[in-house]
Structure formats: C-alpha cells, structure tokens
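**Q** Just need the structure, nothing else, for what follows:
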Amino acid sequence: MSKFQKKLNNKNNHSKLGGKNTPFKKRISKKPKNKTVKEGMRLNQFIAHAGICSRREADQFIAAGLVSINDEVVTKMGYRVKPSDTVKFNNELIKSEKKKYILLNKPKGYICTSDDPKNRKTVMELVRGACKEILYPVGRLHRQTTGLLLFTND
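**A** This is a model prediction of the structure:
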C-alpha cells in the first residue's frame, strides 16, 4: 500500500469517527425530552390578555383575592385557566381580548410611540378611536418618514 493510500485510508477512518480532519461533522439529532404539555393558560396571563392590567399587576390582584374562577376565589399563583372556566375579576365576568390588527399609512410629522413627553403628535392619536382594545405600534418609523405601520394587541 502506498503512502497516499494509507493517508487516504486514515482520513476516511477519521471522518467516520468524527475526527479533526472532517470537513463536516455529523449532526446529532437530539430527541426532545418527554415534556408534559400543560393544559390551559396561566391565570395572570389570561387577565393580562383580557386587557385589565399587566401580568405582574395581575399577580398582585390574585394574591389580594380579587379573582375568582368558577365562583371560587383563587389566590394560588400559577393556576391554569381552562377554556371551560368562568373567570371573574371584581365580580365581573372577563374574557380574553380578541386579537386586533390595524394597518396605518403613517403620514409625515407623527412619531411612533405610545406617549411623548414633549407633546409631539403621535400615531396613537390617529388610531385612538379605531377599536376599544389597547393597541401598540409594531416597529418604528422616523417622524418625517411615511409608510405602512402595524398596530396590534397581540
């Protein structure tokens, strides 16, 4: 066997074993561990999606005993709301907000922010009466730029 054939044979052995001379290493596919899929949505997330408050504020309301599920007061953090549950906040039935999407052709002279401490015109003024849900702009455009802007509560 010549030196060239020995060298070639060694390279082939290294590549099969994943050695240093391999140009491409084999990818080892990791199978996902058996994760249990939890049913429902966390209670604080459900309250936040209903548009009442943020998730952290919802935790405070839950701890204070202002939230009831199926007419039972829940103070346990991490409770999961199932689709069949009825959730009440301050004895009023709440539902998750419907997802809203609005497209706006932004004119010049408006800034893309929810509020401005300098009291300049904002794009929120243009979409204020479009729906009752609280919407937020996705992305940013400069004040003098025109273009398509997406608003959503998702």
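
**Q** CA only for contacts and neighbour counts going forward, please
**A** Fine.

**Q** Correct me if wrong: Ile47 contacts Arg56.
**A** No. Using CA atoms under 8 Å, Ile47 is not in contact with Arg56; the gap is 10.3 Å.

**Q** Quick one: low-confidence residue ranges for the chain.
**A** Applying pLDDT under 70 to the chain flags the ranges 1-37.

**Q** ranges for the strands of it?
**A** For the chain, the strands defined by DSSP state E cover 41-42, 67-69, 72-73, 80-81, 87-89, 92-94, 101-106, 136-138, 147-152.

**Q** all helices of this protein, in order?
**A** 3-17, 43-49, 55-63, 124-127 (DSSP state H).

**Q** tell me how far the ends of stretch 45-53 are from each other?
**A** Distance across stretch 45-53, first residue to last, is 10 Å (CA to CA, to the nearest Å).

**Q** And for stretch 127-139?
**A** 15 Å.

**Q** What are the contacting residues of it?
**A** Stretch 127-139 is contacted by residues Gly51, Glu97, Lys100, Cys112, Thr113, Ser114, Leu149, Leu150, Phe151, Thr152, Asn153 when judged by CA atoms under 8 Å, 6 or more residues apart in numbering.

**Q** Quick check: phi and psi at the fourth one.
**A** Pointing back at Cys112 there. phi -90, psi 80 (degrees, to the nearest 10).

**Q** who are the neighbours in contact with it?
**A** Counting by CA under 8 Å, 6+ apart, Cys112 touches Thr122, Val123, Met124, Pro137, Gly139, Arg140, Leu141, His142, Arg143.

**Q** Of these, just the buried ones, PyMOL syntax please.
**A** Buried subset of the contacts of Cys112, written as a PyMOL selection, criterion 16 or more other CA atoms under 10 Å:
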select buried, resi 122+123+124+137+141+143
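
**Q** Would you mind giving the contacts of Cys112 as TSV with distance to Ala130 added?
**A** TSV is the format used below for the contacts of Cys112 (distance: CA to CA, whole Å):
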residue	distance to Ala130
Thr122	15
Val123	12
Met124	10
Pro137	13
Gly139	19
Arg140	20
Leu141	20
His142	23
Arg143	22
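
**Q** closest to Ile62 among the contacts of Cys112?
**A** Ile62 lies nearest to Pro137 out of the contacts of Cys112, by CA to CA, at 29.2 Å.
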